[in-house]
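# Okay, sequence plus prediction incoming.
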Amino acid sequence: MKRKIVITTLMFILFTMKIIPAAPLNANAVSAIAIDGKTKMVLYEKNPHMLVPMASTTKIVTALVALNYSDLEEKFKVSKNAASIKGSKVGYRVSEEITVRELTYGLMMRSGNDAAITLAEGISGSVENFAKLMNEYGKEIGLLNTSFETPHGLDRDNHFSTSYDLALATIKAKEIPEFNKIASAKDVKKEEMGFTRDYHNINKILWRSEDADGVKTGYTGKAGKCLVSSFKQGDRETIIVTLNSNNRFDETMKIYKHINEEYEYKKFFTKGEVVKDIKVGNKVYNLGFDKDIILPIKKGSDIEVKISVNNIPVKKFDINLPLGKVDFIQGDICLYSETLKVIDLP
């Protein structure tokens with residue numbers, strides 16, 4: 001990989017594109033995407049913004065909301081509405097009292113629709129109110145093409161998402177250690193967790209790859225077979241979504257193999273490294289990053305690194321303002337941008 005650095009001084013425009021052109025791979029899915037978990041750079045895509053039903057992959061956001069809006073040890077009572085729901089269930093009985101922690105295990109590992117409704121009613125009082133909360137929270141985390149009507153994902157006219165949005169939701173969910181623990185668990189014994197019953201994860205991807213550590217399956221008549229997966233190799237994490245894919249596990253593994261063959265991770269800058277210095281009045285400020293800049297790059301790519309700094313009048317200078325950025329460019333496409341920060345004070 002060739003690295004060419006261009007330094008310019010110009011008025012700063014905060015603009016980030018995290019798109020890599022789709023590789024010549026045609027996944028057998030109506031919609032599919034692969035995203036790097038740290039940079040959110042798109043590594044593969046097929047109709048990533050198509051609005052489609054997403055079945056039980058909905059429960060990723062249900063779990064996210066539950067983990068953010070409730071106490072894990074709080075107990076919710078199972079209603080008749082929850083116990084009688086159709087589709088996949090844990091088998092909770094009416095009036096059972098189950099902790100939020102256990103309900104979330106049942107939600108993610110067994111894809112329990114009864115767990116989803118119990119969480120919704122316990123947190124928001126009703127499924128309808130919880131769906132409103134899901135939509136509000138979804139917008140907060142950037143799910144701009146998603147609409148929730150239920151916490152479980154059974155087919156509804158106004159219940160849809162995109163593979164891109166589901167990947168973003170998964171990246172957000174995986175910031176929570178408890179979510180990672182639940183989504184990656186294969187089997188849980190009730191005695192070890194203080195639960196009311198044992199749980200076995202129905203997500204076969206966990207057995208297909210030693211790198212797999214979640215996340216959620218889904219199926220309905222309209223949505224078809226869906227799968228959101230995460231793969232971890234050291235500090236590298238990849239999120240893969242396949243929606244309406246008859247061979248979802250095979251297609252996911254095909255995409256994952258393709259990415260590993262096509263991409264390599266390159267470190268461009270080290271945390272604390274001086275990328276550029278700027279003089280403001282009589283003072284010189286060193287600019288850089290508070291983290292290593294490591295990006296997934298197509299093997300053999302020629303990447304241009306363009307460093308831009310702002311023209312800020314001395315009287316208006318503030319180290320908390322955007323002072324510059326670094327663009328990583330391939331051809332005429334900006335693959336990634338990162339804001340420059342003051343890394344030490346003069």
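Received the coordinates, thanks.

# Secondary structure element for Leu43, which one?
In this assignment (DSSP states H and E), Leu43 forms part of strand 42-46.

# Now the residue sitting nearest the centre point of the chain: phi and psi?
Computing the C-alpha centroid of the chain and ranking residues by C-alpha atoms, centre = their mean puts Ile171 first, at 2.1 Å. In terms of degrees, to the nearest 10, the main-chain angles of Ile171 are phi -60, psi -40.

# Per-residue pLDDT of Gln330, please?
Reported pLDDT at Gln330 in the predicted model: 94.

# Pull up the gap between it and Glu73, please.
As judged by C-beta to C-beta, to the nearest Å, Gln330 and Glu73 stand 49 Å apart. Bear in mind the C-beta positions are built from the backbone N, C-alpha and C, glycine included.

# Which one's more surrounded, the two?
Gln330 (16 against 10; other C-beta atoms under 10 Å).

# Kindly state the domain boundaries assigned to the protein.
Per automatic domain parsing, the structural domains of the chain span 2-19+267-344, 31-246.

# Nearest to Leu25 among the ones you listed would be which one?
Proximity of the domains of the chain to Leu25 was assessed by C-beta to C-beta; the nearest stretch is domain 31-246, lying at 6.4 Å.

# Just the residues contacting stretch 261-270, thanks.
Stretch 261-270 has contacts (C-beta atoms under 8 Å, 6 or more residues apart in numbering) with 1, 3, 23, 43, 236, 275, 288-289, 292-299, 303, 305, 326, 328.

# go with 6 Å
The list of residues contacting stretch 261-270 from outside it, by C-beta atoms under 6 Å, 6 or more residues apart in numbering, reads 1, 23, 236, 289, 292-299.

# CA atoms only for it - export them in CSV, please.
Extracted C-alpha coordinates of stretch 261-270, given in CSV (Å, rounded to 0.1, in the frame of the first residue of the first chain):
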residue,chain,number,x,y,z
GLU,A,261,-9.3,-12.0,1.5
GLU,A,262,-9.9,-8.5,0.2
TYR,A,263,-9.0,-6.3,3.1
GLU,A,264,-6.1,-5.7,5.4
TYR,A,265,-5.9,-3.4,8.4
LYS,A,266,-3.3,-0.6,8.2
LYS,A,267,-2.2,1.8,10.9
PHE,A,268,-1.8,5.3,9.5
PHE,A,269,-1.2,7.3,12.7
THR,A,270,-0.4,6.4,16.3
